[in-house]
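Novice: Have a look; sequence and predicted model below, questions after that.
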Amino acid sequence: MTTKPATETEVPTREADRVIIFDTTLRDGEQCPGATMTYEEKLEVADMLDAMGVDVIEAGFPIASEGDFEAVSAIAKRIKNATVAGLARAINADIDRAGEAVRTARRGRIHTFVSTSPIHLQHQMKKSEEEVLEIITATVSRARNLVEDVEWSAMDATRTPIDYLCRCVELAIKAGATTINLPDTVGYATPDEYAAMFRAMIERVPNADKAIFSTHCHNDLGLAVANSLAALGAGARQVESTINGIGERAGNAALEEVVMAIRTRHDVLPYRTNIDTTMLSRASKLVSSVTNFPVQYNKAIVGRNAFAHESGIHQDGVLKHQRTYEIMTPESVGVAKTSLVMGKHSGRNAFRTKLRELGYELGENAFEDAFNRFKALADRKKHVYDEDIEALVDHSIAHAHDRMKVAALQVIAGTMGPQSATLTLDIEGKSQTVQASGNGPVDATFNAIKMLVPHTAKLDLYQVHAVTEGTDAQAEVSVRLEEEGRLVTGRGADTDTLVASAKAYLAALNKLMVKRQKLAQAQQAV
Ligand code: KIV
Ligand code: ZN
């Protein structure tokens, strides 16, 4: 084990040591159940990724729906620095659609993939190895005729025999692929195995020097980040990852973990990335807020306990010398030290300064909306902490385009029963009020919403947690609804748990409406 602190070793500067960070939050991340984002939310996340220095943004799967196509096209048009990629199966229509979606990008990429493992070939694709080789040549060439930058992925690479994988990779490079991605699609590999696969490809494929090798790891065994880092040691120079590690099943390698591991341990991981790490915390909060996926408290780098020292021995050590128990500073990932305490006497100027400190740049309308909500909160709560402001602003951003909003709620609760709720909703600018009873105040509130917005969705999850400490803390409620196999989640924050519950339920319903609308549009188009 090294005893020399990484801070005393030089950050590598050679171009060969630079790791390309490919973010797939908007594609693989959005694929996880309930994490759907609206068009506006996708643009916001893409802007954040570009600002923080992500090299490649996988913006979506253009053939999947009209909505996906529109989002990828809009992201391609607006992104200033990053390459914008669109995903395509090994099907001509997919490739053409992806090419069209990234056409206007300053740097556009088609990312096409096909399965290569025997289990996928036999049971899913029902194709022979030779047929898949022909497909690789045909589809990569087609993509290369549309754009200069083509990435090819061998789906389920880690369960593919090495000799056959070598043949696939060689053909993909020959047909014009400039990046070769070898995913651990099912999260099965261990770090040594994953690294060995890359080493074999780079040593054995004759034209391997003509492409950049890329990692794409799923976290089924909790090894996604370890596997990604191990592959770098074997020559990979692109890492595919997502903010907060969201993605299919147990998720993908978490971008913030990969980046901070490289930054903190460049003595043993001699690479660098272009990421402005001080934006990691904001990016995590934004993604958590728009997907309604809470970040677990003890999540590495961005969890709220990641820099909290609870034990007396640790606190004593950190106070004497920060590095005794802290391997990276909270500031390095954008966790700001509180300098301004906010309360009901704070004015616009202080609020604007605080927002800047927390990493928000809001337009005039969004600022006014956030300021009014802050004032309302400060009237009810003595100390307004940074987390309160973040919850409040994130909520404003996430729900700026909602068609239905909670206008007023009055609930009768307690032991005397029956519990009832009188609810006023603002539905597309019109105010409507109902009264409903229920088995408890939350049930009564949700029944009132059902009366105003009839639907058949079932409540799949209801979760409450406090944003800060104290009995006047804001409650943050997450709700998941299920309708005909479609899952949507909504989140709401308020000092009143029932108001937060109504907001969360309505946020999920708003998303469901958008989904229904998209489905209807897609059906009309067929
Ligand atoms: O996990 C996977 O194999 C993928 C591919 C589409 C790249 O996400
Ligand atoms: Zn994946």
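Specialist: Structure's in. What do you need? Numbering: from 1, shown residues only. Ligands and ions are numbered 1, 2, ... in the order given.
Novice: Report the spatially nearest residue to the single nearest residue of the stretch 351-500 of the chain relative to ligand 1, omitting neighbours in sequence.
Specialist: Here the stretch 351-500 of the chain gets closest to ligand 1 at one residue, Leu487, 19.4 Å apart by C-beta to the nearest ligand atom. For the C-beta atoms, the positions are set from N, CA and C on the backbone; glycine is no exception. In this structure, Leu487 finds its nearest non-sequential neighbour in Gly34, 4.3 Å apart by C-beta to C-beta, 6 or more residues apart in numbering.
Novice: can you pull up the bridge partners for Val488?
Specialist: For Val488, the beta-bridge partners under DSSP bridges are Leu481.
Novice: Correct me if wrong: Gln31 contacts Ile246.
Specialist: No - assessed by C-beta atoms under 8 Å, Gln31 is found out of contact with Ile246, at 9.0 Å.
Novice: Give me the more crowded residue out of those two.
Specialist: Counted by other C-beta atoms under 10 Å, Gln31 and Ile246 do not tie: Ile246 has more neighbours, with 22 against 19.
Novice: isn't there a helix covering Gln410?
Specialist: No - counting by DSSP: H, G, I helix; E, B strand; the rest coil, Gln410 is not part of a helix but strand.
Novice: What's the mean pLDDT across the helix ranked longest in the chain?
Specialist: Looking across the chain with DSSP state H, the single longest helix is helix 497-525. Taken as a whole, helix 497-525 has a mean pLDDT of 81.
Novice: buried residues in it?
Specialist: 497-515, 518 (16 or more other C-beta atoms under 10 Å).
Novice: Can you spell out which helices and strands pack onto that helix?
Specialist: Here helix 497-525 touches helix 66-78, strand 404-412, strand 419-427, helix 441-452, strand 458-466, strand 475-483, strand 486-494, going by 3 or more C-beta pairs under 8 Å, 6 or more residues apart in numbering; DSSP states H and E.
Novice: Might you calculate how far it sits from the centre of the chain?
Specialist: Relative to its parent chain, helix 497-525 has a centroid offset of 19 Å by C-alpha atoms, centre = their mean, to the nearest Å.
Novice: I'd guessed the residue of the stretch 351-500 of the chain closest to ligand 1 sits against Pro33; true?
Specialist: Yes - with contacts counted by C-beta under 8 Å, Leu487 reaches Pro33, the gap being 4.7 Å.
Novice: neighbour count winner among these two?
Specialist: More neighbours surround Leu487 than the other of Leu487 and Pro33, with 20 against 15 (other C-beta under 10 Å).
Novice: Can you name the residues that contact that one?
Specialist: 33-34, 460, 480-481 (C-beta atoms under 8 Å, 6 or more residues apart in numbering).
Novice: Any of those residues buried? List them.
Specialist: Of these, these count as buried by 16+ other C-beta under 10 Å: 34, 460, 480-481.
Novice: that older thread, and which of the contacts of Leu487 is nearest Ala143?
Specialist: Pro33 (29.4 Å; C-beta to C-beta).
Novice: Does that closest one belong to a helix, a strand or coil?
Specialist: Pro33 - assigned by three-state DSSP - is coil.
Novice: can you check Pro270 too?
Specialist: Per three-state DSSP, Pro270 ends up coil.
Novice: contacting residues for the closest residue in space to it that isn't next to it in sequence?
Specialist: Leaving out its chain neighbours, the residue that sits closest to Pro270 by C-beta to C-beta, 6+ apart is Pro12, at 4.9 Å. By C-beta under 8 Å, 6+ apart, the contact set of Pro12 is 266, 270-272.
Novice: again, but for Ala500
Specialist: 464, 474-477, 492-494.
Novice: related to what we said a few turns ago, tell me the one among the contacts of Pro12 nearest to Gly303.
Specialist: His266 (23.0 Å).
Novice: So the closest one sits against Arg18, correct?
Specialist: No - assessed by C-beta under 8 Å, His266 is found out of contact with Arg18, at 12.0 Å.
Novice: who has more neighbours, those two?
Specialist: His266 (18 against 15).
Novice: my guess is the more buried one is in a strand, correct?
Specialist: No - the assignment for His266, made by three-state DSSP, is coil rather than a strand.
Novice: quick one, what contacts it?
Specialist: Counting by C-beta under 8 Å, 6+ apart, His266 has contacts 6, 9, 11-12, 272.
Novice: for the protein, what helix or strand is lowest in average pLDDT?
Specialist: helix 312-320 (a mean of 73; mean pLDDT, DSSP states H and E).
Novice: CA atoms only: put that one into CSV for me.
Specialist: Taking Å, rounded to 0.1, in the frame of the first residue of the first chain, the C-alpha atoms of helix 312-320 are listed here in CSV:
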residue,chain,number,x,y,z
GLY,A,312,-16.2,11.4,18.1
ILE,A,313,-12.8,10.0,17.2
HIS,A,314,-13.3,11.0,13.5
GLN,A,315,-14.6,14.5,14.4
ASP,A,316,-11.6,15.0,16.7
GLY,A,317,-9.2,13.9,14.0
VAL,A,318,-10.7,16.1,11.2
LEU,A,319,-10.7,19.1,13.5
LYS,A,320,-7.0,18.6,14.2
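Novice: So which bits of that helix are buried?
Specialist: For helix 312-320, by 16+ other C-beta under 10 Å, it's Gly317.
Novice: please begin residue numbering at 9 from this point
Specialist: Taking 9 as the first residue, the last one we looked at is helix 320-328.
Novice: Verify the contact between Val461 and Lys413 for me.
Specialist: No - the pair Val461 / Lys413 is not scored as a contact, 11.7 Å apart, by C-beta under 8 Å.
Novice: any common contacting residues for these two?
Specialist: With C-beta under 8 Å, 6+ apart, Val461 and Lys413 have common neighbours 433, 514.
Novice: Switch the buried ones among the contacts of Leu495 over to a markdown table, and while doing so, append distance to ligand 1 to every line.
Specialist: Output for the buried ones among the contacts of Leu495, formatted as a markdown table (distance: C-beta to the nearest ligand atom, whole Å):
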| residue | distance to ligand 1 |
| --- | --- |
| Gly42 | 18 |
| Asp468 | 25 |
| Arg488 | 23 |
| Leu489 | 26 |
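Novice: need those residues in TSV with pLDDT, can you?
Specialist: Below are these laid out as TSV (pLDDT from 0 to 100):
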residue	pLDDT
Gly42	71
Asp468	86
Arg488	85
Leu489	87
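Novice: Are we agreed that Gly94 is in a strand?
Specialist: Yes - assigned with three-state DSSP, Gly94 falls within a strand.
Novice: Now stretch 92-112: buried residues?
Specialist: Here stretch 92-112 shows 92-98, 102-110 as buried, counting by 16+ other C-beta under 10 Å.
Novice: do the same with stretch 129-148
Specialist: 129, 133, 135, 140-141, 143-144, 147-148.
Novice: Just these: which are in helices?
Specialist: Among the buried residues of stretch 129-148, the ones falling in helices (DSSP H) are 140-141, 143-144, 147-148.
Novice: Report the two of those residues separated the most.
Specialist: Pairwise distances across those (C-beta to C-beta) peak at 12.1 Å, for the pair Val140 and Val148.
Novice: quick one, what contacts the residue nearest to Glu38 when sequence neighbours are not counted?
Specialist: Spatial nearest neighbour of Glu38, chain neighbours left out: Met45 (5.8 Å); criterion: C-beta to C-beta, 6+ apart. Shown in contact with Met45 (C-beta under 8 Å, 6+ apart): 34, 38, 53, 298-299.
Novice: quick one, phi/psi of the closest residue to ligand 1 within the stretch 209-358 of the chain?
Specialist: Taking C-beta to the nearest ligand atom as the measure, the stretch 209-358 of the chain has His224 as its residue closest to ligand 1, at 5.2 Å. For His224, the backbone dihedrals (degrees, to the nearest 10) come out as phi -150, psi 100.
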